[in-house]
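In: what would the 3D arrangement of this be:
(one chain, ligands or ions: 1)
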Amino acid sequence: MTEQTPLTREEFEKALKAKGQFYHTQHPYHVAMYDGSCTPEQIRGWVANRFYYQVRIPIKDANILANCTDRDVRREWIQRILDHDGHGGAIGGIEAWLRLGEAVGLTREEVLSHEHVLPGVRFAVDAYVNFARRANWQEAAASSLTELFAPTIHQNRLDTWPQHYPWVKPEGYQYFRQRLSEARRDVEHGLRITLDTFKTREQQDRILEILQFKLDVLWTMLDAMTMAYELKRPPYHTVTDNRVYHRGIEL
Ligand SMILES: O=C(O)c1cc(C(=O)O)c2c(n1)C(=O)C(=O)c1cc(C(=O)O)[nH]c1-2
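Out: Below you'll find the model as predicted:
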């Protein structure tokens with residue numbers, strides 16, 4: 001079998017960016033969020049479920065750090081954990097997300113308890129964390145590259161939510177504001193690692209598939225929320241109105 005010609009650095013970057021067409025911005029749940037047609041229950045459901053992603057991201061990044069043998073990379077990567085957990089006088093992303101929860105009418109306790117987190121969301125997020133735990137650190141770093149497509153998403157929320165959802169308290173928007181610059185910096189670092197590391201066509205194809213896996217994680221989270229909050233078919237809806245699905249156990 002002849003080896004396939006590797007993509008040049010520019011071609012590889014272009015192929016990674018082309019994956020943006022499958023970003024969760026195209027999911028109907030997100031589309032509804034921007035055009036103002038989400039109900040308060042759908043907004044609250046999204047905020048409560050996405051909190052599970054927020055709290056798992058630093059654990060995911062700690063796994064990457066644990067596997068990373070490059071001191072310079074570790075010195076930069078650690079910033080991601082500090083951004084989410086907070087450091088010095090700055091509140092982190094997790095605290096900012098809890099304030100978003102309060103701004104949309106959820107209590108801190110309710111969000112912190114994960115009581116609204118749907119099994120499909122848990123499974124998707126856990127798959128991402130487990131991937132980062134097992135993969136080599138360069139592949140795990142590449143899986144964060146969906147953030148290439150995220151800066152506009154945060155800006156879109158800042159542009160559209162206040163007019164569509166005036167009942168959301170403005171204090172809630174801090175998270176989206178702080179992510180604008182953080183996401184740009186993270187993605188620049190992740191892209192540098194990816195382009196510097198993966199040089200053969202086989203490796204490059206594998207990274208494109210890993211990025212697709214990460215897109216699948218994000219899309220699947222929204223599918224689970226669609227079932228529960230739009231189609232009113234949460235797990236076990238044919239049996240009970242109670243939230244009987246598992247909570248509070250670490251798998
Ligand atoms: O709101 C979003 O749509 C969105 C998407 C993503 C992403 O693409 O994974 C992240 C974030 N937000 C985000 O806020 C965040 O901190 C973050 C970290 C990561 C990552 O994979 O390390 N993705 C994302």
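In: doesn't Leu211 make contact with Leu145?
Out: Yes - Leu145 is in contact with Leu211 according to CB atoms under 8 Å; the separation is 5.7 Å. C-beta coordinates here come from the backbone N, C-alpha and C atoms, glycine included.
In: who in the chain is up against the ligand?
Out: 57, 93, 144, 146-147, 150, 153, 179, 218 (CB under 6 Å from any ligand atom).
In: show residues contacting stretch 93-102.
Out: 47-48, 50-51, 54-55, 57-58, 83-86, 107-108, 110-112, 169, 171-175, 178-179, 182 (CB atoms under 8 Å, 6 or more residues apart in numbering).
In: list the buried residues in that stretch.
Out: Neighbour counts over stretch 93-102 (16 or more other CB atoms under 10 Å) mark 93-102 as buried.
In: out of those residues, list just those in strands.
Out: Using DSSP state E, no member of the buried residues of stretch 93-102 falls within strands.
In: now do the contacts for Glu36.
Out: Quick fix: residue 36 reads Gly, not Glu. With contact taken as CB under 8 Å, 6+ apart, Gly36 is in contact with 160, 163-165.
In: tell me the spacing between Gln212 and the ligand.
Out: 13 Å (CB to the nearest ligand atom, to the nearest Å).
In: how far away is that residue from Met33?
Out: 23 Å (CB to CB, to the nearest Å).
In: give me the pLDDT for the closest residue to Val31 other than its chain neighbours.
Out: Using CB to CB, 6 or more residues apart in numbering and skipping residues adjacent in sequence, the residue nearest Val31 is Thr25, 7.8 Å away. Per-residue confidence (pLDDT) for Thr25: 94.
In: Thr25: what secondary structure?
Out: helix (DSSP: H, G, I helix; E, B strand; the rest coil).
In: residues contacting it?
Out: Taking CB under 8 Å, 6+ apart as the test, what Thr25 contacts is 31, 149, 152-153, 156.
In: which ones among the residues of the chain next to the ligand map onto helices?
Out: Judged by DSSP state H, the subset of those located in helices is 57, 93, 153, 179, 218.
In: buried subset of these?
Out: 57, 93, 153, 179, 218.
In: just the buried ones from the contacts of stretch 93-102?
Out: Buried among those by 16+ other CB under 10 Å: 47-48, 50-51, 54-55, 57-58, 83-85, 110-111, 172-175, 178-179, 182.
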